[in-house]
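Asks: Below is the structure, and that's it, no one-letter string:
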Ligand code: NAP
């Protein structure tokens, strides 16, 4: 039987501490941290993510502006909004909810956000900082995964970590963070041969594939720590589920996260942390 690590509870306690800090900030620096979120269109998933971010801002006591625009917005209009927010001294963080409509070049939009307001950590300079071990904003989901491991005081150093997925937003950055903590990291992807033989070596197994029930018990070493990043819709139950077949993997793992309530809430919590980081930089300038 594994210990189920509740990202939801961890995020809750971290947000309570953050709210205390934020209260003090107002007295010290004369204003609150301010996160601006841009939502284009009415995709239900994106709307729900934005709602979660607004709720978290309220919980920690940030100012929050959500700019909602229709799917028909042009790239130039969107870039003009970002330019305006970049130049607004009272805005600390800017987040563009992805995905954007096809006629908009997402990368161009993301890169238009000022590096010191890039709370998602997607700006090229923030990405480069991660790989060069320089100070910068680390993207939220990978950061949250490390905080989950730290919450159980898991000794990452020297452990075999296997990450399934090599995306720029999860697989690659979490692999780098694990490497920086002196794990021996293997990154797997769709062309990996005999995946199960590799995942069975993992002391830490991170699943960031985007396929429901992808990780089965035979792929997991006895006593492994299993972090499930996936957010999928189970077509039979229409409920959210992760990449890990929880019921069969849980008895083999020592620690495991669940979907929902695992990595997701920690991603939002780290977004709040990143906003504070940007805010402190701005108010101390
Ligand atoms: P992505 O960009 O689609 O990347 C998926 C990765 O999985 C790719 O590297 C792909 O390999 C690999 N893959 C696909 N099929 C595979 C297979 N059969 N065997 C081994 N590897 C395989 O997805 P993502 O953006 O990283 O997100 C992954 C999941 O995490 C999604 O469910 C997403 O919704 C979720 N997510 C959750 C949070 C959160 O806060 N909880 C945040 C971000 C993402 P190739 O590179 O070879 O194609």
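Replies: Right, received. Where do you want to start? Not measured: the values here are computed from a predicted model.
Asks: C-alpha from now on. contacts and neighbour counts both.
Replies: Will do.
Asks: what sits opposite residue 39 in the beta ladder?
Replies: The partner list for residue 39 in beta bridges (DSSP bridges) reads residue 68.
Asks: so where's the protein uncertain?
Replies: By pLDDT under 70, the chain has no low-scoring segment.
Asks: which parts of it sit against the ligand?
Replies: 141, 164-167, 169-171, 188-191, 208-210, 229-232, 263-264, 267 (CA under 6 Å from any ligand atom).
Asks: Of the residues you listed, which count as buried by neighbour count?
Replies: Taking 16 or more other CA atoms under 10 Å as the criterion, what is buried in the residues of the chain next to the ligand is 141, 164-166, 169-171, 188, 208-210, 229-232, 263-264, 267.
Asks: Among those, which are located in helices?
Replies: 141, 171, 263, 264, 267 (DSSP state H).
Asks: Switch the residues you listed over to JSON lines; also include distance to residue 132.
Replies: Shown next, in JSON lines, are those (distance: CA to CA, whole Å):
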{"residue": "141", "distance to residue 132": "19"}
{"residue": "171", "distance to residue 132": "17"}
{"residue": "263", "distance to residue 132": "25"}
{"residue": "264", "distance to residue 132": "27"}
{"residue": "267", "distance to residue 132": "23"}
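Asks: Pick out whichever of those residues sits closest to residue 59.
Replies: Of all those, residue 267 has the smallest distance to residue 59: 15.0 Å, by CA to CA.
Asks: Residue 192: how many residues sit nearby?
Replies: 11 (other CA atoms under 10 Å).
Asks: And for the one 4 residues further on?
Replies: Summarising burial for residue 196: neighbours were counted as other CA under 10 Å, giving 16.
Asks: any idea which element it lies in?
Replies: Per DSSP states H and E: residue 196 is located in helix 195-199.
Asks: Can you name the residues in contact with that helix?
Replies: Residues outside helix 195-199 that contact it (CA atoms under 8 Å, 6 or more residues apart in numbering) are 162, 188, 205, 218, 219, 220, 221.
Asks: go on, stretch 19-35?
Replies: With contacts defined as CA under 8 Å, 6+ apart, stretch 19-35 is touched by 57, 59-65, 90-95, 275-276, 279, 283.
Asks: contact partners of stretch 62-73?
Replies: Under CA under 8 Å, 6+ apart, the answer for stretch 62-73 is 22, 32-42, 54, 57-58, 101.
Asks: and what of stretch 268-283?
Replies: Contacts of stretch 268-283 (CA under 8 Å, 6+ apart): 11, 14-15, 18, 29, 33-35, 52-53, 56-57, 60, 92-93, 116-117, 119-120, 137-138, 140-141, 143-144.
Asks: Now do the buried residues in it.
Replies: Neighbour counts using 16+ other CA under 10 Å place 268-279, 282-283 of stretch 268-283 among the buried residues.
Asks: Nearest to the ligand among those?
Replies: Nearest to the ligand out of the buried residues of stretch 268-283 is residue 268 (CA to the nearest ligand atom; 7.3 Å).
Asks: how much space between residue 123 and residue 75?
Replies: To residue 75, residue 123 is 18 Å away according to CA to CA, to the nearest Å.
Asks: Ok, residue 201 next?
Replies: Taken as CA to CA, the span from residue 201 to residue 75 is 46 Å.
Asks: Buried among the contacts of helix 195-199? Need that as a selection in ChimeraX.
Replies: Restricted to buried positions by 16+ other CA under 10 Å, the ChimeraX selection for the contacts of helix 195-199 reads:
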select :162,188,205,219,220,221
